[in-house]
Every structure is written in C-alpha cells, then in structure tokens.
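Visitor: coordinates only, sequence not included:
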C-alpha cells in the first residue's frame, strides 16, 4: 500500500523500495534477469548522475530565487547549504559505485580470512586440527586413564562437529568453494561472495555490502 502522506520524499522512498523488491523477485525466479541487471547498470548510473545534477540545478537556480531575495544574506546561506548537500550526495554516490562491497577479491575479505585462520574458526582448519589430535591420541600409550581422557575428548569434539550450524559459524560457499564468513552471501548478478551482502543495486551498478553500505545509506538520506 502506497503512503498517503509525508510528502514527495516518502513517496520516492516507497517507490524505490518497491522497485528493489521487484528486482529481488525477478532475480529469484528468472535467470535472464541476472545478465539484464549488468546491462542496465551503466545506463542507470549515467541517468542517476544526470538526474541528481538536474535536481541541483533546478533547486538552486530556478526554485530558490522564487523563495528568497536573490543575492541576499539568506540567499547565500541557502546556496552554501545546497552546495554542501550536493557534494555529500555526489560523493556518497561515487563511493557507492566504485567501492568494492567486500568481495573475495577485496583486502577486507583476505584480512578477515587470515584472522579467522589464526583463531581456528575456519571449518577446514577445525577438521585438520581434529585429525591431528586423533593421530596423537592413537600414538599414545594404552593406559586406562589416557583411554578415558581420549574417549571424553572425542565425545566433546564429536558434539561440536555434529551440532547445527549457528549464525556466527564460518562455512564453505557452495558456489565459489571459498571460506564463507558469517552473514556473507553469494551475489548471483556479479558472481561474487560478498561480506554482509544486502542486495544488488542497479542504480549503483554494484552490490551493497559491508564496505559500501554506509555510502548507500548516506546517499539515500
């Protein structure tokens, strides 16, 4: 249901939300939409920049002189405020388009995998450590106390290896075969594994993820 009040800003935000929902539905049920999003990306970016510049020009040179007295103190205050907002919008849009969202090719992902490997959070590292511990236990003596400790140790590891996956667990991406951090997803459009992926935005010609999410929000608001 469309909003009945709140001005043009709420209507524009509602339309953008409905457009994103429609794109998500199309990407989920139609394979051809994945390639179509890539072809639409560059024209939408150009159209978005032209639209932003047009709104700035109309607001500063056409609408503002009708509201306040031209070249007055209030007029220059509004001009400075409009220029500040314009630079903020254009800068965040530029960073949202050209910033890597946190894919497997980014330094953020590589550094995160390195830290997780050092902490032993990766699933492959856990399997290798378990095998080494089992080999060490098999090479040990046959004392009863050691056998009891070995059996309890194996039961402890079997519990943690067979327990259900939790949201904070590292897993393995079925598409790329790489280590998958918590809350990361595979983007079907760009074919990349993205940290904290939100969605693919055709207006940014980029995926919204961990590294460019703040630029996406600052551009909208």
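Guide: On my side now, so go ahead. No experiment lies behind these values; they were computed from the predicted model shown. Numbers count the residues shown, from 1 in each chain.
Visitor: quick one: pLDDT of residue 133?
Guide: pLDDT for residue 133: 57.
Visitor: swap that for residue 193, sorry
Guide: 93.
Visitor: List the buried residues of stretch 177-197.
Guide: For stretch 177-197, the neighbour count (16 or more other CB atoms under 10 Å) marks 179-181, 184-187, 189-190, 192-197 as buried. No exception for glycine: its C-beta is placed from N, CA and C like everyone else's.
Visitor: actually stretch 78-87, not the one I typed
Guide: Buried, per 16+ other CB under 10 Å, within stretch 78-87: 78, 86.
Visitor: Show me the contact partners of it.
Guide: 52, 56, 59-60, 64, 67-68 (CB atoms under 8 Å, 6 or more residues apart in numbering).
Visitor: Show me which of those are buried.
Guide: 56, 64.
Visitor: Give me the subset of the contacts of stretch 78-87 lying in helices.
Guide: 52, 56, 64, 67 (DSSP state H).
Visitor: Select the helix or strand of the chain having the lowest average pLDDT value.
Guide: Lowest on mean pLDDT, DSSP states H and E among the helices and strands of the chain sits helix 144-162, with a mean of 46.
Visitor: Quick one: the strands in this structure, in order.
Guide: 171-172, 179-180, 185-187, 192-194, 199-201, 206-208 (DSSP state E).
Visitor: Mind checking the pLDDT average for the first one?
Guide: For strand 171-172, the mean pLDDT works out to 84.
Visitor: what's that strand packed up against?
Guide: helix 123-139, strand 179-180 (3 or more CB pairs under 8 Å, 6 or more residues apart in numbering; DSSP states H and E).
Visitor: Out of those, which gets the lowest mean score?
Guide: Among the helices and strands packed on strand 171-172, helix 123-139 carries the lowest mean pLDDT (a mean of 58).
Visitor: Let me see the mean pLDDT of stretch 209-221.
Guide: 88.
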